[in-house]
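K.L.:
Pasted the sequence and its predicted model underneath.
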Amino acid sequence: MTLTTAQPDAPGADPMVPRLFRVVHTRQDTRDTHTLVLEPTDGLPLPFRPGQFTMLHSFGVGEVPISISGDPARPEVLEHTIRNVGAVTASLVAAQPGTILGVRGPFGHGWEVADGKGGDVVFVAGGIGLAPLRPAILEVIAQRARYGRVLVLYGSRTPEDILFEDDLRAWARDGAVRIETTVDNGPPGWAGRVGFVTDLVPRAGFDPVHAFAHICGPEVMMRAVATALRDRGVSGTRLRLSMERNMKCGIGLCGHCQLRELFVCVDGPVFDHDRIGPLLSKWEL
């Protein structure tokens, strides 16, 4: 059987037809989270914007939406950081180098971090929420002189659940980014902070009037962090959240991710808080 795959930017290309990518490297980040590094079998790069996602397809199993976690300056490779939570993700994290996967996308609106040039930038992540923020952090670091203070506030359940430890150390060591981390539960001997990531917001050093803040993590965490940032004086139009939930088709056809008048896969997944905040407080929406 011959598979027909979509070509990037081709006129009339069907967004429901995946391109073929080969797994070239895998890395286990935590006990249940792996990063896959993929390259296109046709050799054509896949440009993307930080915050966008793809529909990642394991043939014979299914597909799931996964945010891109790689460097936007390197479109010739595609990185996805995946938490093993179901049949499709289990198949993906088990993929060995040489495995062929299908990729549709990239889809959605991203972080648009360039809007924050000239001011401070704050990234707040919970758990695997650091993965969708990583491309934005890398983009800011690549143009570091154009921004003010850059902070990453990161919370995980335990020290063993911390993602991208090498990156965090390198960013802090180079002085490009101020890193503040905390864990919900610290085992005996843990010398770091214990508490919720919201505890880091009140004492973080940034100018709230001119800062752009980007949040990704569980929805309950994002609501709490958004409130803390608003209390600090960050405007809702300068506060962005990634709503990665219930996406199935990636192009607004199925309606599975509809959030009142919005489709998360098309209108998001990144939204300004002024736009998405009122919907987060609606029960069962």
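P.N.:
Here it is on my side, so go on. Numbers count the residues shown, from 1 in each chain.

K.L.:
for stretch 37-49, the distance to its chain's centre please.
P.N.:
18 Å (CA atoms, centre = their mean, to the nearest Å).

K.L.:
How about exporting that stretch as PDB, limited to the C-alpha atoms?
P.N.:
Only the C-alpha atoms of stretch 37-49 are listed here, as PDB (Å, rounded to 0.1, in the frame of the first residue of the first chain):
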ATOM      1  CA  VAL A  37      12.800  13.900  17.900                       C
ATOM      2  CA  LEU A  38      11.400  13.500  14.400                       C
ATOM      3  CA  GLU A  39      12.600  14.300  10.900                       C
ATOM      4  CA  PRO A  40      10.400  14.500   7.700                       C
ATOM      5  CA  THR A  41      10.900  11.600   5.400                       C
ATOM      6  CA  ASP A  42      10.600  14.000   2.400                       C
ATOM      7  CA  GLY A  43      13.400  16.200   3.800                       C
ATOM      8  CA  LEU A  44      11.200  19.300   3.800                       C
ATOM      9  CA  PRO A  45      11.200  21.400   7.000                       C
ATOM     10  CA  LEU A  46       8.100  22.100   9.000                       C
ATOM     11  CA  PRO A  47       8.100  25.700  10.200                       C
ATOM     12  CA  PHE A  48       6.100  26.400  13.300                       C
ATOM     13  CA  ARG A  49       5.400  29.100  15.800                       C
END
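
K.L.:
Name the residues of it that are buried.
P.N.:
37, 38, 39, 40, 46, 48, 49 (16 or more other CB atoms under 10 Å). C-betas here are computed from N, CA, C, even on glycine.

K.L.:
Equivalent analysis for stretch 166-183, please.
P.N.:
Applying 16+ other CB under 10 Å to stretch 166-183 flags 167, 168, 171, 177, 178, 179, 180, 181, 182, 183 as buried.

K.L.:
Stretch 49-63 now?
P.N.:
Neighbour-count burial for stretch 49-63, counted by 16+ other CB under 10 Å, picks out 49, 50, 51, 52, 53, 54, 55, 56, 57, 58, 63.

K.L.:
end to end, how far does that stretch reach?
P.N.:
21 Å (CA to CA, to the nearest Å).

K.L.:
ditto for stretch 256-271
P.N.:
Per CA to CA, stretch 256-271 runs 18 Å from first to last residue.

K.L.:
So which residues make contact with that stretch?
P.N.:
Here stretch 256-271 makes contact (CB atoms under 8 Å, 6 or more residues apart in numbering) with 51, 53, 65, 67, 107-112, 214, 240-252, 255, 275-276, 279, 282, 285.

K.L.:
Pull out the buried members of those residues.
P.N.:
So, by 16+ other CB under 10 Å, the buried ones in these are 51, 53, 65, 67, 107-112, 214, 240-244, 247, 249-252, 276.

K.L.:
Correct me if wrong, but residue 141 is in a strand.
P.N.:
No: under DSSP: H, G, I helix; E, B strand; the rest coil, residue 141 sits outside any strand and is assigned helix.

K.L.:
Can you flag which of the buried residues of stretch 166-183 belong to helices?
P.N.:
167, 168, 171 (DSSP state H).

K.L.:
rewinding a little: is it possible to get JSON lines of the buried residues of stretch 166-183 that adds pLDDT and distance to residue 202?
P.N.:
JSON lines is the format used below for the buried residues of stretch 166-183 (pLDDT from 0 to 100; distance: CB to CB, whole Å):
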{"residue": "167", "pLDDT": "96", "distance to residue 202": "25"}
{"residue": "168", "pLDDT": "95", "distance to residue 202": "21"}
{"residue": "171", "pLDDT": "93", "distance to residue 202": "22"}
{"residue": "177", "pLDDT": "94", "distance to residue 202": "20"}
{"residue": "178", "pLDDT": "96", "distance to residue 202": "15"}
{"residue": "179", "pLDDT": "96", "distance to residue 202": "17"}
{"residue": "180", "pLDDT": "96", "distance to residue 202": "12"}
{"residue": "181", "pLDDT": "96", "distance to residue 202": "16"}
{"residue": "182", "pLDDT": "96", "distance to residue 202": "13"}
{"residue": "183", "pLDDT": "96", "distance to residue 202": "18"}
